[in-house]
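only geometry, no sequence info:
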């Protein structure tokens, strides 16, 4: 079932490359072109069959009926005017950024067919070399329509994500950024901080517990600096709440209060187990 004639992926990395592979696999598009900073990424993307053509400049996106922005958040934000000059207001434009308020408010002014989206899939790995057409299977993709969002464009983007395996829900940009600050952004902050707090000479003693807890600390600093700063207000609130939770454990340990400590740990254990139900 073909949905699009020409799709342009701006940012052919892990997520952009995975989208391209999935679109190809499902035969949802005639042609996919990619834009990346590095020529090597484009050559690899062509080699694995993710894109048909690639370029280090945006001119290649001309004539696309869907443009997907899969670059870091701050890069996406700065592309609106340049993309508009090349494709005009007609095509559907979407993004996969991890924060939504700033991006959606910016792109809506240029593109009546803009639909914000955020697939909750991926890993700490980067690059099209790690692209996986099955990465979205069973995952959740959040769409962030506004009162200005074209219903036709929203319908096509919903259909695309469902056809490549994702479950789709919609929420406001404000709610998205608040929720993700807790379930995605804060865990990364904690993982980064945890690794930073361990002396280098102790790292050789780490086992599965430490490695499982800190896997996401291997994520790209450029990407996560953009995410945290673009969602600054929410992230600062979640960090404060986490600090308060940590202080409760610190206080129970300091007071040798076994009952209070067990209460805190059991409450957290029950909440964590509910995630897998």
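Okay, I see it. As the structure is a computational prediction, the values presented were derived from the model and not from experiment. Numbering: from 1, shown residues only.

now do the same contact list for the most centrally placed residue in the chain.
In the chain, the residue lying closest to the centroid (CA atoms, centre = their mean) is residue 98, at 4.1 Å. The contact partners of residue 98, by CB atoms under 8 Å, 6 or more residues apart in numbering, come to 73, 118, 180, 184-185, 227. For the C-beta atoms, the positions are set from N, CA and C on the backbone; glycine is no exception.

ok, it to residue 163 distance?
Using CB to CB, to the nearest Å, residue 98 is found at 23 Å from residue 163.

where do the helices sit along the protein?
Counting by DSSP state H, the segments of the chain that form helices are 14-25, 39-47, 73-77, 80-87, 101-107, 151-163, 173-180, 186-197, 208-214, 221-230, 232-254, 258-275.

list of residues touching the fifth one?
Same thing as helix 101-107. Applying CB under 8 Å, 6+ apart, the set of residues contacting helix 101-107 is 73, 76-77, 80, 93, 95, 97, 114, 116, 144, 146, 173-174, 176-177, 230-231.

need the buried ones from those selected in PyMOL.
A single PyMOL command is used to select the members of those judged buried by 16 or more other CB atoms under 10 Å:
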select buried, resi 73+76+77+80+93+95+97+114+116+144+173+176+177+230+231
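
quick one on the thing from earlier: point out the most buried one among the helices of the chain.
Among the helices of the chain, helix 14-25 has the highest mean neighbour count (mean count of other CB atoms under 10 Å), at a mean of 24.

let me see the mean pLDDT of that one.
Taken as a whole, helix 14-25 has a mean pLDDT of 95.

about what we covered before: turn the contacts of residue 98 into JSON lines, including distance to residue 36.
JSON lines is the format used below for these (distance: CB to CB, whole Å):
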{"residue": "73", "distance to residue 36": "17"}
{"residue": "118", "distance to residue 36": "21"}
{"residue": "180", "distance to residue 36": "25"}
{"residue": "184", "distance to residue 36": "24"}
{"residue": "185", "distance to residue 36": "25"}
{"residue": "227", "distance to residue 36": "20"}
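
in JSON lines: those residues, plus pLDDT and distance to residue 150.
Below are the contacts of residue 98 laid out as JSON lines (pLDDT from 0 to 100; distance: CB to CB, whole Å):
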{"residue": "73", "pLDDT": "93", "distance to residue 150": "23"}
{"residue": "118", "pLDDT": "97", "distance to residue 150": "18"}
{"residue": "180", "pLDDT": "98", "distance to residue 150": "24"}
{"residue": "184", "pLDDT": "96", "distance to residue 150": "27"}
{"residue": "185", "pLDDT": "97", "distance to residue 150": "29"}
{"residue": "227", "pLDDT": "95", "distance to residue 150": "27"}
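
nearest to residue 219, of these?
Comparing those against residue 219 with CB to CB picks out residue 227 as the nearest, at 9.5 Å.

my read is that the closest one contacts residue 73, right?
Yes: taking contacts as CB atoms under 8 Å, residue 227 lies within contact range of residue 73: 5.7 Å.

what is in contact with the two at once?
Residues touching both residue 227 and residue 73 (CB under 8 Å, 6+ apart): 98-99.

would you mind measuring from residue 98 to residue 220?
Taking CB to CB, one finds residue 98 at 12 Å from residue 220.

likewise residue 70?
Counting by CB to CB, the gap from residue 70 to residue 220 is 13 Å.
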